[in-house]
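> When you get a sec, could you give me coordinates for this:
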Amino acid sequence: MKTELIVIDEYIQHADIEPNFIHLLEENGLIHIQIIENKRFLDTEELIELERYARLYYDLSINIEGIDVIRHLLGRIDKLQNEMKSLRSRLRLFE
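Predicted coordinates for the structure are as follows:
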């Protein structure tokens, strides 16, 4: 499967976000940037997360550390919901 990449500089202009914001996200491990021939790229699969982070940062004024906490908590919620679904289906076997 071939991944599609977005040129970060073009995305920054299109989305009207600061280059430093992208740098902070990468520095904190929230996104992963690939450098190819001196250009920075982002995998399109990370685009939804990047847009979510931008809304939290710009619209709600949540700092990078807060975004990381929210990301972590949402991941735990997803994991717990999946566990509940699994347990419910296993319990149905005993009904």
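
> use CA for all of it now, contacts and neighbours both
OK.

> Going by residue numbers, what spans are strands in the chain?
5-7, 33-36, 39-43 (DSSP state E).

> Make JSON lines out of those strands and add mean neighbour count.
Converted to JSON lines, those look like this (neighbours: other Cα atoms under 10 Å):
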{"stretch": "strand 5-7", "mean neighbour count": "17"}
{"stretch": "strand 33-36", "mean neighbour count": "14"}
{"stretch": "strand 39-43", "mean neighbour count": "16"}
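
> Let me see the contact set for the residue nearest to residue 3 when sequence neighbours are not counted.
Spatial nearest neighbour of residue 3, excluding adjacent residues (Cα to Cα, 6 or more residues apart in numbering): residue 43 at 6.8 Å. Residues counted as contacts of residue 43 (Cα atoms under 8 Å, 6 or more residues apart in numbering) are 3, 4, 5, 6, 32, 33.

> TSV for these, including pLDDT and distance to residue 39?
Listed next are the contacts of residue 43 as TSV, based on pLDDT from 0 to 100; distance: Cα to Cα, whole Å:
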residue	pLDDT	distance to residue 39
3	76	16
4	91	15
5	94	11
6	93	10
32	96	14
33	95	10
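
> What is the nearest of the residues you listed to residue 74?
The nearest member of the contacts of residue 43 to residue 74, counting by Cα to Cα, is residue 32 at 19.0 Å.

> Wait, that closest one touches residue 42, no?
Yes. Look at residue 32 against residue 42 with Cα atoms under 8 Å: they come within range, at 6.8 Å.

> Dead centre of the protein: give me the residue that sits there.
The geometric centre of the chain, computed from its C-alpha atoms, lies nearest to residue 49 (Cα atoms, centre = their mean), at 2.9 Å.

> Compute the distance between that residue and residue 78, please.
Going from residue 49 to residue 78 by Cα to Cα, to the nearest Å gives 15 Å.

> Check which residues of the longest helix seen in the chain are buried.
In the chain, assigned by DSSP state H, the helix with the most residues is helix 64-92. Going by neighbour count (16 or more other Cα atoms under 10 Å), the buried part of helix 64-92 is 64, 67, 68, 71.
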